[in-house]
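# give the three-dimensional model of this entry:
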Amino acid sequence: MLKKVKSDYWIKFLGTAGARFVMIRQLRASGGLWIRSGATNILIDPGPGSLVRCATSKPKLDPTTLDAILLTHRHLDHSNDINVMIEAMTEGGYKKKGVVFVPEDACGTDSVILEYAKAFPERIEILKENAAYQVNDFSFQTTSFLHHPCQTLGLKFRMRDEIVALLADTEYFNGLEESFGADTLIVNVVFAQVRPGIQHLNFDDVKKIVDTLKPKRTILTHFGLTMLKAGPHALAKKLSWETGLSVTAAIDGMTLSF
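Residues are numbered from 1 along each chain as shown. Here you go, the predicted structure:
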């Protein structure tokens, strides 16, 4: 029997890998985000190794306690372990429980969820733009679609008295900041420098976003090779000094408490 975590409010980074080469080489883990909100457990973006990261977490995370699994988008580094995590959440399909939230193109003709696994959760819910959703006592909202090669949504939710925003994969565009005002901003930053034509944020984009939104704390994650080479912690420290705001680079296994 796995030890169950106590009722609390926190986010655990089961991985901070961004882009395919960091994921493929597992230079950083790619397990997604586990959210504990009171007595509710939600897993966001279970990429490759998510199940293993739950088993090796300290304390261990029991996937049979999950109440929901949520995808911001269908790309492999965010969705690879969705089927095994559905099986784990439902104890091999023997206990019909939990909700799976996915964008429409993640559950269509080229579904990331295998047909047999679709019957295991209580329901599969298609995420829409600018919509509100509820799982037990946990509620969240989606943003408008971001600028990425597939349907990709940002998220906002409350943890105790704080609003948390998750800025998922996207290129920068005018008006991006309007959807992500929050006390805590978690932002996927793949590139250290500008990479024209590739729809991911770079560090200069993040500077602009943080300077505009001025969140109480910003957590950088989802690093590509250029970010790892530049040093995420050094860049976070630099941005914190320049803005006077709290900016931290996430590491695998880090827990953010509320």
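
# residue 100 and residue 135, how far apart?
Remark: distance between residue 100 and residue 135 (C-beta to C-beta, to the nearest Å) = 11 Å. Where C-beta positions appear, they are placed from N, C-alpha and C, glycine not excepted.

# centre of the chain to the one helix or strand in the chain whose mean pLDDT sits lowest, how far?
Every helix and strand of the chain was ranked by mean pLDDT, DSSP states H and E. The lowest is helix 20-25, at a mean of 94. Per C-alpha atoms, centre = their mean, to the nearest Å, the displacement of helix 20-25 from the mean C-alpha position of its chain is 17 Å.

# and the following helix or strand past it, what does it pack against?
Using DSSP states H and E, the helix or strand that follows helix 20-25 in sequence is strand 30-38. Strand 30-38 sits against strand 8-15, strand 40-44, helix 50-56, strand 138-145, strand 153-159, with contacts defined as 3 or more C-beta pairs under 8 Å, 6 or more residues apart in numbering; DSSP states H and E.

# which SS class is residue 116?
helix (DSSP: H, G, I helix; E, B strand; the rest coil).

# need the per-residue pLDDT for the closest residue to it other than its chain neighbours.
Distances taken as C-beta to C-beta, 6 or more residues apart in numbering put residue 93 closest to residue 116, at 8.0 Å, once the chain neighbours are dropped. Model confidence at residue 93, given as pLDDT, is 96.

# give me the angle between the helix or strand that residue 88 is a member of and strand 30-38.
If you go by DSSP H and E, residue 88 is part of helix 82-89. Interaxial angle, helix 82-89 versus strand 30-38 (axes from the mean of the first three to the mean of the last three C-alpha atoms, to 10 degrees): 40 degrees.

# before we move on, the earlier item: gap between the residue nearest to residue 116 and residue 79?
19 Å.

# those two - which one has more neighbours?
Between residue 93 and residue 79, counted using other C-beta atoms under 10 Å, residue 79 has the larger neighbour count: 24 against 14.

# am I right that that one is in contact with residue 43?
No - assessed by C-beta atoms under 8 Å, residue 79 is found out of contact with residue 43, at 11.4 Å.

# what does the least confident helix or strand of the chain rub up against?
17, 27-28, 30, 47-48, 76-77, 223-225, 228 (C-beta atoms under 8 Å, 6 or more residues apart in numbering).

# kindly supply the ChimeraX command isolating those of those that are buried.
Restricted to buried positions by 16 or more other C-beta atoms under 10 Å, the ChimeraX selection for the contacts of helix 20-25 reads:
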select :17,28,30,47,48,77,223,224,225,228
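
# which of the contacts of helix 20-25 fall within strands?
Of these, the ones assigned to strands by DSSP state E are residue 30.

# could you dump the contacts of helix 20-25 to CSV with pLDDT and distance to residue 168?
Converted to CSV, those look like this (pLDDT from 0 to 100; distance: C-beta to C-beta, whole Å):
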residue, pLDDT, distance to residue 168
17, 98, 14
27, 97, 20
28, 98, 17
30, 97, 14
47, 98, 12
48, 98, 17
76, 96, 15
77, 97, 11
223, 98, 14
224, 98, 15
225, 97, 19
228, 98, 19
